[in-house]
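Peer 1: Here's a sequence, model it:
(chains A and B)
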Amino acid sequence: MSYVENHESSLTGSGISSADPKDFIALLKPRVMSLVVLTALAGLLAAPTHIHPFLGFVSLLAIAVGAGASGALNMWYDADIDAIMSRTATRPIPSGRVAPEDALAFGLILSGMSVFTLGLVANWLAASLLAFTIFFYVVVYTMWLKRSTPQNIVIGGAAGAFPPMVGYAAVTGSITVESCLLFAIIFIWTPPHFWALALLKSGDYAKAGIPMMPNVKGPSHTRLEILLYSILLAPLGVTPWLLGFASPVYGALAIIGGLMFLHLAWKVYSLRDGEPAAKAAKTLFGFSILYLFVLFLTIVIENGIVPMVVK
Amino acid sequence: MSMNAPEKQPGQVRLTPEQAKSRRARNLAIGLGIGFFAILFYAITVVKLGPGVLAGGQ
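Peer 2: Modelled structure (predicted):
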């Protein structure tokens, strides 16, 4: 059944939606939001100055809603290709549960509200960064890069890297080396993370006409690029400790995690065929999420929870 | 006057039970969202302006 037929059937011919609130929550990409909340919280807590806890909470909420809004706008624009790929075919718009125009309105309203709220609660630099993040994800990545270049997720990855910078700016009202480093870690982490998935789902992406690296440059070149980005990422992950704004515990975890990341990237590079190759890509994809989660959770714990306990 | 449901007029749409249920759920979610937003901004105002705002800005 095509996307259009599905959509028509969902409105039962009367133009009346049967969408539940949970369908609109699904438009916000809650799993992506949870990682955004963690990385933004890390930025918020890593800042040298402090914010009132309630205003910090509302700032975090605004960043999370802004990220969710950009997810809704992404799903509105990408409904046609989402319907083709097995991983995304059950999303609210291609499955016919939410009308595209409703998703567009929902995304635009939440974008405006989140930026406005962050500006009032924190400062307008943080709000501008959040607005730019939404613009970058929706317009630069979704509308432009995603369908036009195999470097789509390299440049588009910046959108996912902004939240800790926004969180940091919400507290300090500035952009510093520390917040740029947190940005850089996520930015360099994104290509090996997504290309590991793309190696597994290259058939899906090809069917949808998305020029992902494995479809355009081939799996061998993708494996090489995964390895190169991993070589950059492993030392970069350690720099917050080297520059003195993360503890030796963070440093140890970043070193162990980085070495493990390199080991798995090497396996992806060296195993080329059959089930072992697929398993290596799957393992790297899973580990990459754990790696980023552990690094940013450590920053949250040692800047947020440890000082409270020590007090 | 009959006790039955009013007859459907031209141009009117009768909701199916599923549509009515989901519309109620959406309305409730929007209501709760607006309520949450109002309380949130009240709390933000108090926190940003400090306790003095409750004393009439004296």
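
Peer 1: Just the CA trace of stretch A:271-289, in PDB.
Peer 2: The C-alpha trace of stretch A:271-289 is given here as PDB (Å, rounded to 0.1, in the frame of the first residue of the first chain):
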ATOM      1  CA  LEU A 271      35.800  -8.600   8.300                       C
ATOM      2  CA  ARG A 272      34.300  -8.000   4.800                       C
ATOM      3  CA  ASP A 273      31.900 -10.800   4.100                       C
ATOM      4  CA  GLY A 274      28.900 -12.700   5.300                       C
ATOM      5  CA  GLU A 275      27.600 -13.000   8.800                       C
ATOM      6  CA  PRO A 276      30.800 -12.100  10.700                       C
ATOM      7  CA  ALA A 277      31.000  -8.800   8.800                       C
ATOM      8  CA  ALA A 278      27.300  -8.000   9.600                       C
ATOM      9  CA  LYS A 279      27.800  -9.000  13.200                       C
ATOM     10  CA  ALA A 280      30.900  -6.700  13.500                       C
ATOM     11  CA  ALA A 281      28.900  -3.700  12.200                       C
ATOM     12  CA  LYS A 282      26.000  -4.500  14.500                       C
ATOM     13  CA  THR A 283      28.400  -4.700  17.500                       C
ATOM     14  CA  LEU A 284      30.100  -1.400  16.600                       C
ATOM     15  CA  PHE A 285      26.700   0.300  16.200                       C
ATOM     16  CA  GLY A 286      25.500  -1.000  19.600                       C
ATOM     17  CA  PHE A 287      28.800  -0.200  21.300                       C
ATOM     18  CA  SER A 288      28.900   3.400  19.900                       C
ATOM     19  CA  ILE A 289      25.700   4.200  21.700                       C
END
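
Peer 1: now that stretch: mean pLDDT?
Peer 2: When pLDDT is averaged over stretch A:271-289, the result is 93.

Peer 1: neighbouring contacts of that stretch?
Peer 2: Contact with stretch A:271-289 is made by A:35, A:189, A:192-193, A:196-197, A:199-200, A:219-220, A:223, A:226, A:260-261, A:264-265, A:267-268, as judged by C-beta atoms under 8 Å, 6 or more residues apart in numbering or on different chains. Backbone N, C-alpha and C define where each C-beta goes, glycine included.

Peer 1: just stretch A:295-311 next, same as before
Peer 2: A:38-39, A:41-42, A:45-46, A:164, A:182, A:185, A:237, A:240, A:246-247, A:249-250, A:253-254, A:257.

Peer 1: Now the buried members of those.
Peer 2: A:38-39, A:41-42, A:45-46, A:164, A:182, A:185, A:237, A:240, A:246-247, A:250, A:253-254, A:257 (16 or more other C-beta atoms under 10 Å in any protein chain shown).

Peer 1: which ones among the contacts of stretch A:295-311 are found in helices?
Peer 2: Of the contacts of stretch A:295-311, the ones assigned to helices by DSSP state H are A:38-39, A:41-42, A:45-46, A:164, A:182, A:185, A:237, A:240, A:249-250, A:253-254, A:257.

Peer 1: which of these lies closest to B:Arg23?
Peer 2: A:Leu38 (35.0 Å; C-beta to C-beta).

Peer 1: which SSE is the residue nearest to A:His52 when sequence neighbours are not counted in?
Peer 2: Nearest non-adjacent residue to A:His52, counting by C-beta to C-beta, 6 or more residues apart in numbering or on different chains: B:Val47, 5.8 Å away. Using DSSP states H and E, B:Val47 maps to helix B:17-49.

Peer 1: Now do the domain split for chain A, please.
Peer 2: Domain ranges of chain A: A:1-7+A:19-175, A:176-311, per automatic domain parsing.

Peer 1: Which of those sits closest to B:Ile34?
Peer 2: Comparison of the domains of chain A against B:Ile34 by C-beta to C-beta identifies domain A:1-7+A:19-175 as nearest, at 11.1 Å.

Peer 1: what pLDDT, on average, does the closest one get?
Peer 2: 92.

Peer 1: now swap in stretch A:221-238 and tell me
Peer 2: Averaged over stretch A:221-238, pLDDT sits at 97.

Peer 1: Ok, stretch A:190-210 next?
Peer 2: Averaged across stretch A:190-210, pLDDT comes to 89.

Peer 1: Out of the contacts of stretch A:271-289, name the ones that lie in helices.
Peer 2: Mapping the contacts of stretch A:271-289 onto helices (DSSP H) picks out A:35, A:189, A:192-193, A:196-197, A:199-200, A:219-220, A:223, A:226, A:260-261, A:264-265, A:267-268.

Peer 1: Now, of the residues you listed, which are buried?
Peer 2: Buried, going by 16+ other C-beta under 10 Å: A:35, A:189, A:192-193, A:196-197, A:199-200, A:219, A:223, A:226, A:261, A:264-265, A:267-268, out of the ones in helices among the contacts of stretch A:271-289.
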